[in-house]
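Participant: Structure, please.
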Amino acid sequence: MPCSARPHGFSLLELLFVLIIAATLVCLGLPALGDALARTQLSSGVNQWMTTLAHARGNAVSRSNNVVVCPAEAGNCVVSSHWHRGWIMFEDRNRNAEYDPDESLLLQGGHDDSLRVVSSNGRQRVRYRPDGTAEGTNLTLTLCGRRGAAYARTIVLNNAGRARSGRATPEQAAAACAAPSYHGGS
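Facilitator: Purely as a prediction, here's the structure:
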């Protein structure tokens, strides 16, 4: 019975060739993976804000009281149009649009360095009334992710209390994308 001298397995050259092909495919796929991750982060941010606003509106109606969402630092509302540093949602029993110790903190969001959120000028709080309407002028939140201004999104809150999302104008996108990060300046 003849013994087969043929070796089993792969030669070093064959393994090297397979590794080169695999490395090339990984390098080609990484930019697409990064882009998909950035796209997902922005979409998630828009969905989270839409949910937060719906939650605030629902709480105002169910509690029969004003509910405020405002940019915050250290658990207190701040006068700022930059929301990516953090924000709070609270029941505003005394209707002063400030979070007081005797009021219920309903929700709190921390900073997110991957997303910039800037509100339109002059509107630095969202206040829902007990009937679900939003007090004040229309509010636009512009969200800018790592993909830049060309992909920025907006959330527009009307006086009836309903929010809708859409594409940002070049001016809105530029303002949101230029907003300083959590760790840098105002």
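Participant: rest of the way, CA atoms for contacts and neighbours
Facilitator: OK.
Participant: Low-confidence ranges, this protein, go.
Facilitator: Within the chain, the ranges that satisfy pLDDT under 70 run 1-7, 34, 181-186.
Participant: ranges for the helices of it?
Facilitator: Secondary structure of the chain (DSSP state H): helices located at 12-63, 170-177.
Participant: As CSV, these with mean neighbour count and distance to residue 164 would be great.
Facilitator: Formatted as CSV, the helices of the chain follow (neighbours: other Cα atoms under 10 Å; distance: least, Cα to Cα, whole Å):
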stretch, mean neighbour count, distance to residue 164
helix 12-63, 14, 8
helix 170-177, 19, 16
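Participant: what's the closest non-adjacent residue to residue 98?
Facilitator: In this structure, residue 98 finds its nearest non-sequential neighbour in residue 77, 6.4 Å apart by Cα to Cα, 6 or more residues apart in numbering.
Participant: Tell me the spacing between the one you found and residue 113.
Facilitator: Remark: distance between residue 77 and residue 113 (Cα to Cα, to the nearest Å) = 20 Å.
Participant: So between these two, which is more surrounded?
Facilitator: residue 77 (22 against 14; other Cα atoms under 10 Å).
Participant: Dig out what the more buried one forms beta bridges with.
Facilitator: Beta-bridge pairing of residue 77 under DSSP bridges involves residue 72.
Participant: Contact partners for it?
Facilitator: Residues in contact with residue 77 (Cα atoms under 8 Å, 6 or more residues apart in numbering) are 70-71, 87-88, 98-99.
Participant: Of these, select the buried ones using a ChimeraX command.
Facilitator: What follows is the ChimeraX syntax selecting those of the contacts of residue 77 that are buried according to 16 or more other Cα atoms under 10 Å:
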select :70,71,87,88,98,99
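Participant: could you dump the contacts of residue 77 to JSON lines with distance to residue 129?
Facilitator: Output for those, formatted as JSON lines (distance: Cα to Cα, whole Å):
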{"residue": "70", "distance to residue 129": "15"}
{"residue": "71", "distance to residue 129": "18"}
{"residue": "87", "distance to residue 129": "19"}
{"residue": "88", "distance to residue 129": "17"}
{"residue": "98", "distance to residue 129": "15"}
{"residue": "99", "distance to residue 129": "16"}
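Participant: Spit out the contact partners of the spatially most central residue of the chain.
Facilitator: Within the chain, the residue whose C-alpha comes closest to the C-alpha centroid is residue 45; the distance, by Cα atoms, centre = their mean, is 2.6 Å. Remark: with contacts taken as Cα under 8 Å, 6+ apart, residue 45 is in contact with 115, 143.
Participant: give me that answer again for 10 Å
Facilitator: Residue 45 makes contact with 39, 51, 112, 114-117, 143-145, 153 under the criterion Cα atoms under 10 Å, 6 or more residues apart in numbering.
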